[in-house]
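Participant: need the 3D shape of this:
(2 chains, ligands or ions: 2)
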Amino acid sequence: MFEMLSFEFIQRALIASVIIGLVCSIIGVFVILRNLTFIGAGTSHAAFAGVTLGYLINYNPLSFAIVFSLLTVWIVGYLNLKGYLKLDASVGIFYSLTMALAVLFIGLMKVYNAEVYGYLFGSILSVTKGDLAIILILGLAVLSLVYLFFKEFHFITFDEEMAQASGIAAGWLSFLLLTMIALTIVISLKSVGAILVFALIVTPAAAAYQLTFSMIRMFLYSAVIGITASVGGVFLSYWLDLPSGATTVLFVSAMFFLSLIFSPKRGYIS
Amino acid sequence: MSNNVIIRFSHATIAYQRRTALTDINLEIFQGEFVGIIGPNGSGKTTMLKSILGLIRPTHGSVQIFDCACHKLRCRHKAKIGYIPQKGQIDPNFPVTVMETVMMGRYSSIGLLRRPSNDDRELVKHALREVEMDGYADAPLGHLSGGQQQRVLIARALVQQPEVLLMDEPTTGIDTPTQYSIIRLISNLQKNLKLTVLLVTHDINMISPYVDRMALINTQLHAIGAPADVLNEKTLTAIYGKQVVVTTKGGGTYVIVGDYHYV
Ligand SMILES: Nc1ncnc2c1ncn2[C@@H]1O[C@H](COP(=O)(O)OP(=O)(O)OP(=O)(O)O)[C@@H](O)[C@H]1O
Ligand SMILES: [Mg+2]
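Facilitator: Ligands and ions are numbered 1, 2, ... in the order given. You can find the predicted model right below:
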């Protein structure tokens, strides 16, 4: 039954899914608690637009995904910081703008390219050595930043103004957090896809939110749920021969509904 | 009370975009003083505290604390200002315990890249004892009553080991006996720890026995001085724009204001 583990592509998929499951679920805690859900959705569309541009001009799609998603979060974050436009509204603009760009770039392609669509729905079994290296490097970078600035992120998540008043560089850290969200989406793009990555970010954290009143424990539960879902998704999709992204999302959603049932907060979520 | 000036407003005017919230404020707050700030809604009380915290800078004039322009304050100095913001609604499900909340007060002193030590934990426990909330360390913050939450936020300000405490309506929305117990707590802490306290409130009668001076503001500083000196019908009517009655009874001064919502 475990002979599948001897395949190199399965090994890569499993390593990738552990890292992605962990990074997404940790970042997801901040996304849930700071109400940044929509920004994640907007950013993954921007990243996808970057990918399509990469395929169109035949140059490393991932680097365009990074540029597009970083530009999106920085511009949106800046407009919000300056008080020009609330996050939700500007994300809404970028959400459709980048989607329109993606459609445009795809339309400009002379030939049909199935790989592009792989980035929409993800396929973790096709992660290459190069992909894995990027996932490792960026994933570790995001996790290290969370670890290094943990207490500062903790504070601004609870009460940004108060954090700033007591001398924490809240504005700067907010930008850093947005940057980390963008990078998290980029590394998940190929394996989970632009449309489904969102589930891996939001759902484990939302499930963990149901289960605890301590932020520290929320990180722990979210990570356990996230890794279980993404690794479990790989196994299930291999055994049952189902698309990996969809399997993972269905799996993690099932865990979310279980958490609602077992929630000491009785399923209330704000 | 020593006569060292700790906070100084000189000709400070503070505006948001086009709206001026405070005009030409001149005010000196002395070390170890308990000052009450009174004024109707929208009179600039919160703005005053935020300018001291350096969250907003004056368009004209200056606001200084520890002889340094507030908007340029370094973290080390900011840690010396404890702040209790005007009550926002704490999401009852936000995953944060009392202990975690109070520990946040230590974060800027602990500094970047470092973790809370045993000493920090001791300070937190000590502060919780001082506000009589020991025993709640592991309780979710959202499960406490408004008065208990306010005590926790006071503890969070105390673990900063502040020299100055800025409080924005710490007793709003709390039952009357609890309001008095919180004011007494603040007054005792102020004396024991020799804190300089600026407290914004709408309840003139409650704080007048405790404060050294009162500042009456409505965009401008209308009066500053001992409660008995500034609480007169002329000044109060000027800031509230409503008929105000002042009576003295048993040595205390009592103020009865009409409806003072929007002026
Ligand atoms: N962020 C802001 N942007 C624009 N205007 C603001 C902002 N904050 C306050 N103001 C304006 O500045 C003025 C003073 O507001 P401030 O919050 O200081 O009043 P306050 O005395 O604390 O009132 P309250 O008793 O209601 O708390 C008001 O007219 C208010 O509308
Ligand atoms: Mg106010």
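
Participant: only C-alpha atoms for contact and neighbour calcs from this point on.
Facilitator: Fine.

Participant: what's the nearest residue to the spatially most central residue of chain A if we skip its chain neighbours?
Facilitator: Central residue check for chain A by CA atoms, centre = their mean: the C-alpha nearest the mean position is that of A:Ile185, 3.8 Å away. Closest residue in space to A:Ile185, ignoring its immediate chain neighbours: A:Ser44 at 6.0 Å, by CA to CA, 6 or more residues apart in numbering or on different chains.

Participant: picking up where we left off before, isn't the residue nearest to the centre of chain A up against A:Gly42?
Facilitator: No: A:Ile185 is not in contact with A:Gly42 according to CA atoms under 8 Å; the separation is 10.4 Å.

Participant: OK, contacts around the residue nearest to the centre of chain A?
Facilitator: A:24, A:40, A:43-44, A:47, A:194, A:197 (CA atoms under 8 Å, 6 or more residues apart in numbering or on different chains).

Participant: mind picking the two most distant members of the residues you listed?
Facilitator: A:Cys24 and A:Ala47 (15.5 Å; CA to CA).

Participant: residue at max distance from the center of chain B?
Facilitator: Residue farthest from the centre of chain B, counting by CA atoms, centre = their mean, is B:Leu113 at 30.1 Å.

Participant: tell me the contacts of it?
Facilitator: Residues near B:Leu113 by CA under 8 Å, 6+ apart: A:148-149.

Participant: stretch B:9-22: end-to-end distance?
Facilitator: End-to-end distance of stretch B:9-22 (CA to CA, to the nearest Å): 11 Å.

Participant: so, low pLDDT: which residues of chain A?
Facilitator: By pLDDT under 70, the weakly predicted segments of chain A are A:1, A:266-270.

Participant: from it, which residue is nearest to ligand 1?
Facilitator: Relative to ligand 1, the nearest point of chain A is A:Gly83 (9.4 Å; CA to the nearest ligand atom).

Participant: doesn't that residue lie inside a strand?
Facilitator: No: counting by DSSP: H, G, I helix; E, B strand; the rest coil, A:Gly83 is not part of a strand but coil.

Participant: quick one: contacts of the helix or strand hosting A:Gln164?
Facilitator: Using DSSP states H and E, A:Gln164 maps to helix A:160-165. Residues outside helix A:160-165 that contact it (CA under 8 Å, 6+ apart): A:152, A:155-156, A:169-171, B:53-55, B:78, B:83, B:85.

Participant: least confident secondary structure element in chain B?
Facilitator: Sorting the helices and strands of chain B by mean pLDDT, DSSP states H and E puts helix B:75-78 at the bottom, at a mean of 72.

Participant: helix or strand right after that one?
Facilitator: The helix or strand immediately downstream of helix B:75-78 is strand B:81-84, counting by DSSP H and E.

Participant: so does that next one get close to chain A?
Facilitator: Yes: Strand B:81-84 is in contact with chain A by CA under 8 Å from any CA of the partner chain, via B:81-83.

Participant: just the C-alphas of that strand, formatted as CSV.
Facilitator: This file holds the C-alpha atoms of strand B:81-84, laid out as CSV (Å, rounded to 0.1, in the frame of the first residue of the first chain):
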residue,chain,number,x,y,z
ILE,B,81,3.3,55.9,28.3
GLY,B,82,0.6,53.5,29.3
TYR,B,83,-2.5,53.9,27.2
ILE,B,84,-6.1,52.7,27.7
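
Participant: so what strands line up beside that strand?
Facilitator: Sheet partners assigned to strand B:81-84 using DSSP bridges are listed as strand B:164-168 (parallel).

Participant: average model confidence for the helix or strand that comes right after the partner strand?
Facilitator: As assigned by DSSP H and E, the chain's next helix or strand after strand B:164-168 is helix B:176-192. In this model, helix B:176-192 has an average pLDDT of 91.

Participant: is any residue of whichever helix or strand comes after helix B:176-192 near chain A?
Facilitator: Helices and strands here follow DSSP H and E; after helix B:176-192, the next one along the chain is strand B:196-200. No: using CA under 8 Å from any CA, strand B:196-200 never reaches chain A; the gap is at least 15.4 Å.

Participant: and the angle for strand B:196-200 with helix B:176-192?
Facilitator: On the basis of axes from the mean of the first three to the mean of the last three CA atoms, to 10 degrees, strand B:196-200 is oriented at 160 degrees to helix B:176-192.

Participant: mind exporting strand B:196-200 as CSV, just the C-alpha atoms?
Facilitator: Output of strand B:196-200 as CSV, limited to C-alpha atoms (Å, rounded to 0.1, in the frame of the first residue of the first chain):
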residue,chain,number,x,y,z
THR,B,196,1.2,61.1,36.0
VAL,B,197,-2.4,60.3,34.9
LEU,B,198,-4.5,62.0,32.3
LEU,B,199,-8.0,60.6,32.4
VAL,B,200,-10.8,61.5,29.9
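
Participant: do a quick rundown of the strands in chain A.
Facilitator: In chain A, no strands are defined using DSSP state E.

Participant: ugh, wrong one, chain B
Facilitator: Using DSSP E, the strands found in chain B span residues B:5-16, B:19-30, B:34-38, B:60-65, B:68-69, B:81-84, B:164-168, B:196-200, B:213-218, B:220-225, B:244-249, B:252-257.

Participant: what's the average pLDDT for the fifth one?
Facilitator: Across strand B:68-69, the average pLDDT comes to 87.

Participant: so is that strand next to chain A?
Facilitator: No: Strand B:68-69 stays clear of chain A (CA under 8 Å from any CA), getting no nearer than 14.5 Å.

Participant: run the chain-centre distance for that strand.
Facilitator: Centroid displacement of strand B:68-69 relative to its chain, using CA atoms, centre = their mean, to the nearest Å, is 20 Å.

Participant: got it, and stretch A:137-150?
Facilitator: A distance of 14 Å separates the C-alpha centroid of stretch A:137-150 from that of its chain, computed with CA atoms, centre = their mean.

Participant: how many residues are close by A:Phe2?
Facilitator: Neighbour count of A:Phe2, defined by other CA atoms under 10 Å in any protein chain shown: 6.
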